[in-house]
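Chemist: how would this look folded up:
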Amino acid sequence: MSQEEITTVEIAPGSDDDPSVAPTWYGAVIFLIVFLFTVYLLVFLSDREKELVFDDSIRRENRSLHEVRILQNSQLDFYTWTDRENNRVSVPLEQGRQEVLRRFGNTSER
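Modeler: You can find the predicted model right below:
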């Protein structure tokens, strides 16, 4: 075999200049970019949704805790009826402590 015949056998006709190679690579790269961008957005948006749900639950708990604190502070700082039928009244905590000390004296002196 001559040198020319080996060269022609090694390089098959049309194998080095396939016109569909470049568009295939461009399409694959664009598809990969779009795919990765979509996956990133889905992960980001699902995390954002979890964060919004968590924030909403905290806000709801915060409202209920605020209502409980208002009720507790009103019980500690203001007069309220404990039992109207038996004329029982709750007095503010500090004022009740002062009244007990006035009536029974300071117990630490004994």
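Chemist: hey, let's count contacts and neighbours off CA atoms from now on
Modeler: OK.
Chemist: what's the burial count for residue 92?
Modeler: 16 (other C-alpha atoms under 10 Å).
Chemist: How about the contacts made by it?
Modeler: By C-alpha atoms under 8 Å, 6 or more residues apart in numbering, residue 92 lies in contact with 75, 76, 77, 78, 79.
Chemist: The fourth one: neighbour count?
Modeler: Spelled out, that is residue 78. Neighbour tally, residue 78, other C-alpha under 10 Å: 12.
Chemist: Run through the residues that contact it.
Modeler: Residue 78 makes contact with 91, 92 under the criterion C-alpha under 8 Å, 6+ apart.
Chemist: so how far is residue 99 from it?
Modeler: Distance of residue 78 to residue 99, given as C-alpha to C-alpha, to the nearest Å: 15 Å.
Chemist: show me what contacts residue 76?
Modeler: Residues in contact with residue 76 (C-alpha under 8 Å, 6+ apart) are 91, 92, 93.
Chemist: One more pass at 7 Å, please.
Modeler: 92, 93 (C-alpha atoms under 7 Å, 6 or more residues apart in numbering).
Chemist: any idea which element it lies in?
Modeler: Using DSSP states H and E, the element containing residue 76 is helix 21-77.
Chemist: got a list of what residue 30 touches?
Modeler: With C-alpha under 7 Å, 6+ apart, residue 30 has no contacts at all.
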